[in-house]
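In: Sharing a sequence plus its predicted fold:
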Amino acid sequence: MQRSFLAVVGAGSCSDSVEDLAAEVGREIARHDAVLICGGLGGVMAAAARGAKEVGGFTIGILPGACSRDANVYIDFPVATNMGQARNAIIVQTADALIAVDGGYGTLSEMALALKIGKPVVAIQSRFAIPGVQAARTPSEAVSIALAACLSLRESSPP
């Protein structure tokens, strides 16, 4: 079975409670043998990657700058894009689905890009009410919804 690639998107700085939530999302992604993709920096990104690493998961960081060493310590595979915020398009295109944890305008842009190209988007504690985004109450529910959407898309896609 092909692994799913789930992006966790959210703010580069966040409260402790949002950080805890993101870390649990990362752990759930790894427990389901999916690969975590994020922006590779701090806040929600670092917390989710830390959570995935705590349970043996794999992480990819799509960085805004030119130096792969800028990635947080929990990133296995840093990708230096030197594209600034435009790197959000790479995150979205690489992921099978997105899970938004809280977040601001950068998160909103990733959610909008994903919806525009038909990728599933799940939000947990989102500040935004966006048509087409599925809401989740818990990290486990968010990952389950995202993985079910990935499976559904795979089954409906031509070989």
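Out: Happy to help now that I have it.
In: Export the longest helix along the chain to CSV, keeping only CA atoms.
Out: Secondary structure of the chain per DSSP state H: the longest helix is helix 139-156. This file holds the C-alpha atoms of helix 139-156, laid out as CSV (Å, rounded to 0.1, in the frame of the first residue of the first chain):
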residue,chain,number,x,y,z
PRO,A,139,-6.2,15.2,16.3
SER,A,140,-7.2,11.6,15.8
GLU,A,141,-10.4,12.6,14.0
ALA,A,142,-8.5,15.1,11.8
VAL,A,143,-6.1,12.4,10.7
SER,A,144,-8.8,9.8,10.2
ILE,A,145,-10.8,12.2,8.0
ALA,A,146,-7.7,13.1,6.0
LEU,A,147,-6.7,9.5,5.4
ALA,A,148,-10.2,8.5,4.5
ALA,A,149,-10.3,11.3,1.9
CYS,A,150,-7.0,10.2,0.5
LEU,A,151,-8.2,6.6,0.1
SER,A,152,-11.4,7.8,-1.5
LEU,A,153,-9.4,9.9,-4.0
ARG,A,154,-7.1,7.0,-4.8
GLU,A,155,-10.0,4.6,-5.4
SER,A,156,-11.7,7.1,-7.7
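In: now it: mean pLDDT?
Out: Mean pLDDT, taken over the full extent of helix 139-156, equals 89.
In: Now do it: which elements does it pack against?
Out: Identification of packing neighbours for helix 139-156 by 3 or more C-beta pairs under 8 Å, 6 or more residues apart in numbering; DSSP states H and E yields strand 5-9, helix 16-31, strand 97-101, strand 121-124, strand 134-136. Any C-beta I mention is one placed from the backbone N, CA and C, and that applies to glycine too.
In: Present those as a markdown table; the columns should include mean neighbour count and distance to G56.
Out: Formatted as a markdown table, these follow (neighbours: other C-beta atoms under 10 Å; distance: least, C-beta to C-beta, whole Å):
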| stretch | mean neighbour count | distance to G56 |
| --- | --- | --- |
| strand 5-9 | 28 | 16 |
| helix 16-31 | 22 | 6 |
| strand 97-101 | 28 | 19 |
| strand 121-124 | 26 | 23 |
| strand 134-136 | 18 | 23 |
